[in-house]
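Visitor: okay, sequence plus prediction incoming.
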Amino acid sequence: MALPTSHLHILLTLATEDRHGYSIMRETEEITDGHVKLGPGALYAALGKLVDGGLVVETEDRPAPELDDARRRYYRITDAGRTALGLELQRLNKVIAYARNADLGWSPT
């Protein structure tokens, strides 16, 4: 089953490093060239589902505690989250391959 867009992008951003909510929002907007913008409500609803599903955990670790705001909550992708992300990326690769082979007059740039 396909991951919701918000879940996909959250997992993508967490695959490279632990992040707090605002960092997840900024990175998602950057990697999608502004096409996906997660507001606080959508972000934390999605994070709640990802935590409940065991794909993400909240962590007490802080990358730079001396530079950090203690109110920030940091998140980390789990092994199950990495597996789910990998499966979703495989699914998307198949979709792209199909589109390329179907001669739709479209090519990814």
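Guide: Structure's in. What do you need?
Visitor: can we go C-alpha only for contacts and neighbour counts from here?
Guide: Noted.
Visitor: give the buried residues for the top helix by length along the chain.
Guide: Looking across the chain with DSSP state H, the single longest helix is helix 79-101. Using 16 or more other Cα atoms under 10 Å as the burial criterion, the residues of helix 79-101 that qualify are 81-82, 84-85, 88-89.
Visitor: by contact count, what packs against it?
Guide: With contacts defined as 3 or more Cα pairs under 8 Å, 6 or more residues apart in numbering; DSSP states H and E, the packing partners of helix 79-101 are helix 5-16.
Visitor: if we can go back for a sec, how about JSON lines for the buried residues of helix 79-101, with distance to E27 added?
Guide: Below are those laid out as JSON lines (distance: Cα to Cα, whole Å):
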{"residue": "G81", "distance to E27": "18"}
{"residue": "R82", "distance to E27": "18"}
{"residue": "A84", "distance to E27": "20"}
{"residue": "L85", "distance to E27": "17"}
{"residue": "E88", "distance to E27": "19"}
{"residue": "L89", "distance to E27": "18"}
